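[1] Generate coordinates for the sequence data below:
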Amino acid sequence: MKTNKKIPPVIIHILVWIFFLVTSASQIYLKIGHIPSDFIVRSLLLITAFYLNYSLFVPHLLLNKKVPLFFLVIIAFSLFFLFIMQETLPRPNFKPPGDFGMQENEMPPKKPHPFLLNFRVFFPSGGLLLLVFAISTSVKLGIEWFKSEKKRVLIESEKVNSELSFLKAQLNPHFLFNSLNSIYSLAHKQSKDTTNAIVILSDLMRYMIYEANKELVPLEKEIEYIKNYISLQLLRLKDSSNVKVNIHGNLNYGIEPLLLISFIENAFKYGTDFKGKTNIIIKIHVEDELLKLYVYNSVSHQQPKNENSGIGLENIKNRLKLLYPNQHTINIKNEKNSYEVNLMLKLKKL
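    Numbers count the residues shown, from 1 in each chain. This is a model prediction of the structure:
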């Protein structure tokens, strides 16, 4: 069996730098006949400059749209590195092999003023330093673009799959049969709630058809959909006295459609025991852009486990990871006689 193992980024970086150092050392040796004693130190300074820009300056300044500050920092660090090279490292001797010592009338090189850059040092070293900054900037921007593009494709793919699975789950014949059966029962009893039940069902289907394909919907509409779903489910229950629903807070935010309904649907699916009693608690609280969802339901041992329910909840958790990275926490307790979901989610502004 073939396994596709990716090479760790650290190994790639090390191999690239080894190739760079070997190539540079070879070129210098062919030109002057030896490798300068400060070659390693200069190379380490260039590598340090590369990773300072790659790990700090680009992510924290350039990618945060602080462009003027980014260029100021690049210029300042370039001058600082050149100053370090000038003051601490000897000037390499580029005389060809066989040329020894100074001529009779040749004066020894003057040491530049400590606070003035030697332009003979600046142009070769400064040009190479700017090239290192340019390469590290390009590499980091390329990697970040690739990550964002890959994430965008995953989000779109996951969103399409989730919406299709939700629509399929909500509009399947079983859902319609239960809803229509509840309405038929009300009509047979000549209940005054029959008309209201038909209106609720039509509202649910209208929301799923016209709102579920949007990127964001008002939280108020999503909550209204959840309330309608709960109202319709209560019609089929023999005893709904232990169904507790508490929703409060500021609803002037946006949320991805059909993001919360699976947890509530799961509660109604497994919260009724074989005697017809239902124990469900649903709490939704919104405060300071933070939505807290708590869903509890008792679990009957008489009910067979449905694999599709587990898959649906896994899809929701994956969707949360993609749409709300580092902006949500979810804790699920699946115990012998109960099932609990605690979700905290940072909402988006419309």
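
[2] The longest helix along the chain: how far from the chain's middle?
    With secondary structure taken from DSSP state H, the chain has its longest helix at helix 127-170. Distance of helix 127-170 from its chain centroid, counting by C-alpha atoms, centre = their mean, to the nearest Å, is 9 Å.

[3] Tell me which helix or strand in the chain has the weakest average pLDDT.
    Lowest on mean pLDDT, DSSP states H and E among the helices and strands of the chain sits helix 119-121, with a mean of 44.

[4] and the next element down the chain from the helix or strand harbouring residue 317?
    Following DSSP states H and E, one finds residue 317 within helix 307-323. Downstream of helix 307-323, the first helix or strand assigned by DSSP H and E is strand 328-334.

[5] which residues make contact with that following strand from outside it?
    313, 317, 320, 339, 340, 341, 342, 343, 344, 345, 346 (C-beta atoms under 8 Å, 6 or more residues apart in numbering). Every C-beta, even on glycine, is put in place using the N, C-alpha and C of the backbone.

[6] Just the buried ones among those, please.
    Neighbour counting by 16 or more other C-beta atoms under 10 Å classes 313, 320, 339, 341, 343, 345 among those as buried.

[7] The last one and residue 151: what is the separation?
    Read that as residue 345. Using C-beta to C-beta, to the nearest Å, one obtains 19 Å as the distance from residue 345 to residue 151.

[8] same deal with the fifth one?
    When distances are taken as C-beta to C-beta, residue 343 and residue 151 turn out to be 22 Å apart.

[9] again with the second one
    Shown here: residue 320 relative to residue 151, a distance of 14 Å by C-beta to C-beta.

[10] likewise the third one?
    Taking C-beta to C-beta as the measure, residue 339 and residue 151 are separated by 31 Å.

[11] how about low-confidence regions in this protein?
    Along the chain, the model assigns pLDDT under 70 to residues 1-4, 85-126, 160-176, 178-179, 274-276, 301-312.

[12] got the domain boundaries for it?
    Domain assignment for the chain by automatic domain parsing gives 9-93+112-150, 171-346.

[13] if you compare the ones you listed, which one is most tucked away?
    Counting by mean count of other C-beta atoms under 10 Å, domain 171-346 has the highest mean neighbour count of those, with a mean of 16.

[14] which SS state does residue 281 fall under?
    Following DSSP: H, G, I helix; E, B strand; the rest coil, the label given to residue 281 is strand.

[15] can you pull out the helices in the stretch 201-350 of the chain?
    219-236, 261-270, 307-323 (DSSP state H, counting those that start in this stretch).

[16] picking up where we left off before, with the buried ones among the contacts of strand 328-334 in mind, which one is nearest to residue 245?
    residue 341 (14.6 Å; C-beta to C-beta).

[17] Against residue 185, how distant is residue 230?
    Applying C-beta to C-beta, the value for residue 230 to residue 185 is 18 Å.

[18] returning to that earlier point: for the helices of the stretch 201-350 of the chain, which one sits closest to residue 65?
    Short answer: helix 307-323, nearest of the helices of the stretch 201-350 of the chain by C-beta to C-beta, at 23.3 Å.

[19] can I get the helices of the stretch 201-350 of the chain in CSV with distance to residue 67?
    Listed next are these as CSV, based on distance: least, C-beta to C-beta, whole Å:
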stretch, distance to residue 67
helix 219-236, 35
helix 261-270, 43
helix 307-323, 29
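
[20] nearest to residue 6, of those helices?
    Comparing the helices of the stretch 201-350 of the chain by C-beta to C-beta, helix 307-323 comes nearest, at 20.5 Å.

[21] centre of the chain versus stretch 15-24, how much separation?
    34 Å.

[22] Using PDB, list the CA coordinates for it.
    The C-alpha coordinates for stretch 15-24 follow below in PDB (Å, rounded to 0.1, in the frame of the first residue of the first chain):
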ATOM      1  CA  LEU A  15      18.000  21.600   2.300                       C
ATOM      2  CA  VAL A  16      17.400  24.900   0.500                       C
ATOM      3  CA  TRP A  17      19.900  26.700   2.800                       C
ATOM      4  CA  ILE A  18      22.500  24.000   2.400                       C
ATOM      5  CA  PHE A  19      22.200  24.300  -1.300                       C
ATOM      6  CA  PHE A  20      22.500  28.100  -1.100                       C
ATOM      7  CA  LEU A  21      25.600  28.000   1.200                       C
ATOM      8  CA  VAL A  22      27.400  25.300  -0.900                       C
ATOM      9  CA  THR A  23      26.700  27.200  -4.100                       C
ATOM     10  CA  SER A  24      27.800  30.500  -2.700                       C
END
